[in-house]
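Student: I would like the atomic coordinates for the input below:
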Amino acid sequence: MTTSDKVFDGSIPEFYDTYLVPLIFTAYADDLAARVAALAPESVLETAAGSGVVPRALASRLGPDARYVVTDLNQPMLDHAAAKQEADARIEWRQADALDLPFEDGVFDAVICQYGAMFFPDRPKGYAEAHRVLARGGQYIFSVWDQIRTNEFADAVTRSAGTMFPDDPPLFLARTPHGYHDHDVIREDLSRAGFSSISIETVEKTSSAPNARQVALAYCQGTPLRSEIEARDPNALDRATDKVTADLEATYGTGPVSAKICAHVVTATR
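Tutor: The predicted structure follows:
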C-alpha cells in the first residue's frame with residue numbers, strides 16, 4: 001500500500017458517497033448492521049467509518065440507551081459522514097487512529113469496521129487495539145473484499161484504466177481494497193492480536209448502477225484511483241473516466257448494469 005492509497009480528500013468523499021456507496025457498500029452495510037443489532041450491544045465502536053454508510057444503517061437498530069462511537073482517521077470523510085447522519089445523541093463522532101485508539105480497556109461490547117482493515121499499515125496492531133477495547137465476550141466484526149477477479153466492476157475498471165498507462169498501470173484497486181483476502185493470513189493476524197474464536201463467511205452480492213458512467217465515476221473519481229491517474233497525467237482524469245465508461249458499455253451495455261461483488265465478513269470474539 002502506498003501513502004496515496006489512504007488519501008480521501010478534495011472531491012473524493014462526495015463522489016465516493018454519491019456513486020460508490022450505493023454501488024458496492026450499502027448492501028454490505030445493511031448486512032453488518034443486522035449482525036450487530038442481533039447482539040443488542042450497549043456500546044459500539046466503529047473504526048474507519050468512511051462516509052458513514054454503516055451508521056446510517058445501524059443507528060436506528062440500536063437500543064435507545066446505546067452508545068455508538070464512530071471514528072475515522074480521515075477528518076474530511078468523518079465530517080462528510082456526520083453531515084449525512086440525522087441528529088442522534090447516542091452517536092459520538094471522533095477522529096481516531098484504529099491502530100492507537102483513545103479509549104480505555106474493555107469498554108465496548110462490539111467493535112466494527114467495514115472495509116477499513118485493508119488500509120491498516122499494521123493489521124495485527126489494529127486488531128490488538130480492537131481486542132483491547134472490547135469487553136470480555138465482545139465481538140469484533142469487520143469486512144474485507146475478496147480478490148479483485150471476483151469483484152467484476154473493480155476488475156474491469158482496473159484493466160481499462162491500465163490500458164492508458166501500459167508502462168505503469170494504476171493498480172490501487174487490486175493492491176489495497178482487494179489485496180487482503182486470504183483466510184489463513186486474516187486468521188493469523190487476528191491470532192497474533194489475541195483472538196482465538198474466529199469465523200470468516202464469504203458473502204456474495206450483486207452490484208448495480210443505472211448506467212456504466214456511474215460505475216466509472218464511482219471508481220475513477222470516488223477512490224484514490226483518482227490520485228493514481230492524476231499522478232501519471234494531471235489532465236487525464238476525464239479521459240480515463242470516459243475510457244472506462246466506454247469499455248464498461250462494451251461489456252455491460254448502455255442501460256442499467258449489474259455485476260458480481262464478493263466479500264468476507266470476519267467475526268472474532270474476545
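Student: which residues of the stretch 101-250 of the chain fall in helices?
Tutor: 123-133, 152-162, 172-175, 183-192, 212-221, 225-232, 237-252 (DSSP state H, counting those that start in this stretch).
Student: Out of those, which is closest to residue 76?
Tutor: For the helices of the stretch 101-250 of the chain, proximity to residue 76 was assessed by Cβ to Cβ; helix 225-232 is nearest, at 13.8 Å. Yep, even glycine has a C-beta here, placed from its N, CA and C like the rest.
Student: quick check: angle from that closest one to helix 237-252?
Tutor: Taking axes from the mean of the first three to the mean of the last three Cα atoms, to 10 degrees, one finds helix 225-232 and helix 237-252 inclined to each other by 120 degrees.
Student: just the strands in the stretch 1-150 of the chain please.
Tutor: 43-46, 67-72, 91-95, 108-114, 134-145 (DSSP state E, counting those that start in this stretch).
Student: Put together JSON lines for those, with mean pLDDT on each row.
Tutor: What follows is these, written out as JSON lines (pLDDT from 0 to 100):
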{"stretch": "strand 43-46", "mean pLDDT": "98"}
{"stretch": "strand 67-72", "mean pLDDT": "98"}
{"stretch": "strand 91-95", "mean pLDDT": "97"}
{"stretch": "strand 108-114", "mean pLDDT": "98"}
{"stretch": "strand 134-145", "mean pLDDT": "98"}
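Student: Format those as CSV; extra columns: mean neighbour count.
Tutor: Output for the strands of the stretch 1-150 of the chain, formatted as CSV (neighbours: other Cβ atoms under 10 Å):
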stretch, mean neighbour count
strand 43-46, 26
strand 67-72, 23
strand 91-95, 16
strand 108-114, 26
strand 134-145, 20
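Student: give me the low-pLDDT residue ranges for the stretch 101-250 of the chain?
Tutor: Scanning the stretch 101-250 of the chain for pLDDT under 70 picks out nothing.
Student: The helix or strand where residue 258 lies - which strands sit beside it in the sheet, and in what orientation?
Tutor: Using DSSP states H and E, residue 258 maps to strand 257-269. Strand pairing for strand 257-269, determined by DSSP bridges: strand 134-145 (antiparallel), strand 197-209 (antiparallel).
Student: Could you dump those into CSV and include distance to residue 252?
Tutor: What follows is the strands paired with strand 257-269, written out as CSV (distance: least, Cβ to Cβ, whole Å):
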stretch, distance to residue 252
strand 134-145, 20
strand 197-209, 9
